[in-house]
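Peer 1: Fold the following and give me the result.
(chains A and B)
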Amino acid sequence: SAVISQKPSRDICQRGTSLTIQCQVDSQVTMMFWYRQQPGQSLTLIATANQGSEATYESGFVIDKFPISRPNLTFSTLTVSNMSPEDSSIYLCSVESVRGQRGYTFGSGTRLTVV
Amino acid sequence: GDSVTQMEGPVTLSEEAFLTINCTYTATGYPSLFWYVQYPGEGLQLLLKATKADDKGSNKGFEATYRKETTSFHLEKGSVQVSDSAVYFCAAEGGSARQLTFGSGTQLTVLP
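Peer 2: Predicted coordinates for the structure are as follows:
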């Protein structure tokens, strides 16, 4: 199944700055998903990123705050812009584990703390 | 849209006790269903899955059966171990992009 390398694994950032999170997959995948896990809570989908098209954002998330790049079939970035303490969360990317089969692999996550 | 309702935690059990974590879903059609586990300080791992009604997913002694009539996918294990202490998430796959909808998560602590 797919293997994801996500970085950074954690960061502490100043309010008002931006952080870009990278996910590299060891195989070509059509869709990549970005999730947020706020402290003590479940995962919430931020957006779905297809190669060659604009990402599709879920309700409550906007491109200006969470711009996403998807330059090829193995790589994506998520930027958390103009950060505030409320953005402190774990951010995870996800892809299908095996093409055409049900099931998803997750990156190890980026633990972001905004101070 | 799809939604997943999961038994609230935290759950604390003694080693070798029987575990049930309830999960029900609402969805259009018949989504694929999953249980994910998150061990302390680690990422999310797929525990088991079922893709159609009456399918039983199993792994590491855990089982869950896809019950269409009750729209449920309860997680069970006959004898838990201390190493099973983790947060367990039920999830359903649906929507045009086949994204996952997660339950709220259940923290399980197993005491020796």
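Peer 1: Only C-alpha atoms from now on, for both contacts and neighbour counts.
Peer 2: Noted.
Peer 1: Any residues of chain A in contact with chain B? List them.
Peer 2: With the criterion set to C-alpha under 8 Å from any C-alpha of the partner chain, chain A comes near chain B through A:33, A:41-45, A:48, A:102-109.
Peer 1: what do you get if the cut-off is 10 Å, keeping everything else the same?
Peer 2: By C-alpha under 10 Å from any C-alpha of the partner chain, the residues of chain A that approach chain B are A:31-33, A:35, A:40-45, A:47-50, A:56, A:90, A:92, A:94-97, A:101-110.
Peer 1: Point out the ones among the residues you listed that are inside strands.
Peer 2: A:31-33, A:35, A:43-45, A:47-50, A:56, A:90, A:92, A:94-96, A:104-106, A:110 (DSSP state E).
Peer 1: Buried among the residues you listed? Need that as a selection in ChimeraX.
Peer 2: A single ChimeraX command selects the buried members of these (16 or more other C-alpha atoms under 10 Å in any protein chain shown):
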select /A:31,32,33,35,43,44,45,47,48,49,50,56,90,92,94,95,96,104,105,106,110
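Peer 1: what about A:Gly40, how many residues close to it?
Peer 2: Close neighbours of A:Gly40, defined as other C-alpha atoms under 10 Å in any protein chain shown, add up to 11.
Peer 1: contacting residues around it?
Peer 2: When contacts are counted by C-alpha atoms under 10 Å, 6 or more residues apart in numbering or on different chains, A:Gly40 touches A:Ser89, B:Val87, B:Ser104, B:Gly105, B:Gln107.
Peer 1: how about these, which pair is most distant?
Peer 2: Farthest-apart pair in those is A:Ser89 and B:Gln107; separation 18.0 Å (C-alpha to C-alpha).
Peer 1: Nearest residue to the spatially most central residue of chain A in space, please, no chain neighbours.
Peer 2: With distances taken as C-alpha atoms, centre = their mean, A:Trp34 lies nearest the centre of chain A, 3.4 Å away. Excluding the flanking residues, the one nearest A:Trp34 by C-alpha to C-alpha, 6 or more residues apart in numbering or on different chains is A:Cys93, at 4.5 Å.
Peer 1: Equivalent analysis for A:Phe106, please.
Peer 2: Among residues not flanking A:Phe106 along the chain, A:Ser94 sits closest, at 4.4 Å (C-alpha to C-alpha, 6+ apart).
Peer 1: What residues are bridge-paired with the one you found?
Peer 2: Note on A:Ser94: beta-bridge partners A:Phe33, A:Phe106, judged by DSSP bridges.
Peer 1: pLDDT score assigned to it?
Peer 2: Listed pLDDT for A:Ser94 reads 93.
Peer 1: ok, it - contacts?
Peer 2: Neighbouring residues of A:Ser94 by C-alpha under 10 Å, 6+ apart: A:2-4, A:6, A:23, A:25, A:31-35, A:48, A:104-109, B:44, B:99-100.
Peer 1: pLDDT weak spots in chain A?
Peer 2: The model of chain A has pLDDT under 70 over residues A:98-102.
Peer 1: Go again with 90.
Peer 2: A:1-3, A:29-31, A:39-42, A:50-54, A:96-105, A:108 (pLDDT under 90).
Peer 1: related to what we said a few turns ago, thought the residue nearest to A:Trp34 was touching A:Tyr35?
Peer 2: Yes: counting by C-alpha atoms under 10 Å, A:Tyr35 is a contact partner of A:Cys93 at 6.2 Å.
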